[in-house]
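> fold the following for me, if possible:
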Amino acid sequence: MKTNIVLIGMTGSGKSTIGEKLSQQLGMPFKDIDLFIEHTTKQSIPELFEVSEAHFRAIETKACKKLASTEDRTVISCGGGVVLNPKNIEVLRKTGWVVFIDRPVEHIIKDIEIGHRPLLKEGDNNLYQLYEERFSLYQKAADFRVDNQSNLEDVLNTIKNNLPKTITHKRRG
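Numbers count the residues shown, from 1 in each chain. Now for the predicted structure:
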């Protein structure tokens, strides 16, 4: 049975902010896959990318499998490239409702700090290219898409209204 909420989307789309707030509102734990990876490897994401992107992606796949198999009623925020490996989505979908947080690139550019985002070091054009390359993967992976252009409460309500009531009702106790 699907009991997790899995947030996917571009880097800077708001997955972590939305995930933390959603977890508070629903009384569910919050897990950020990138933070989980940094904690378990004792290395930063940029350090893991320095070895190679393939090295990071292999670790990311292990993290997806671990969190999908051990978490229950958890909001999970994924890194922007999680959709590049279909196995990641396959394992996350087994236990979670996958929500594509879609935010226009122009909005992302205004807000993000690129220092901790290895794939954005080349600048804005790289972000547009990544968005074009990944958009169809996000759409294919998601149970539904949420447009993140309005205020945070509207985005949270849209997510909650599209999930089964068994997920969105806080558990007592």
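> quick one: least confident helix or strand in this structure?
Least confident helix or strand, the chain: helix 105-111 with a mean of 80, by mean pLDDT, DSSP states H and E.
> and after it, which helix or strand comes next?
Heading C-terminal from helix 105-111, the first helix or strand you meet, by DSSP states H and E, is helix 124-141.
> which other residues reach that next one?
The set of residues external to helix 124-141 that reach it, using C-beta atoms under 8 Å, 6 or more residues apart in numbering, is 8-12, 80-81, 83-84, 89, 93, 98, 100, 102, 105, 108-109, 119-120, 145. Just so you know, the C-beta spots here come from the backbone N, C-alpha and C atoms, and that holds for glycine as well.
> sheet partners, orientation included, of whatever helix or strand comes next after that helix?
Counting by DSSP H and E, the next helix or strand C-terminal to helix 124-141 is strand 144-147. Strand pairing for strand 144-147, determined by DSSP bridges: strand 96-102 (parallel).
> residues in contact with the strand it pairs with: which ones?
Identification of contacts with strand 96-102 by C-beta under 8 Å, 6+ apart yields 2-10, 13-15, 18, 68, 76, 89, 92, 138-139, 141-148, 155, 159, 162-164, 167.
> stretch 143-161: which residues count as buried?
145-146, 148, 155-156, 158-160 (16 or more other C-beta atoms under 10 Å).
> what sits against the most centrally placed residue in the chain?
Nearest to the mean C-alpha position of the chain, by C-alpha atoms, centre = their mean, lies Cys78 at 2.7 Å. Applying C-beta under 8 Å, 6+ apart to Cys78 gives the contacts 6-8, 15, 33, 64, 88, 92.
> 7 Å - rerun?
6-8, 15, 33 (C-beta atoms under 7 Å, 6 or more residues apart in numbering).
> kindly report the same for Thr74.
For Thr74, the contacting residues are 4, 28-29, 31, by C-beta under 7 Å, 6+ apart.
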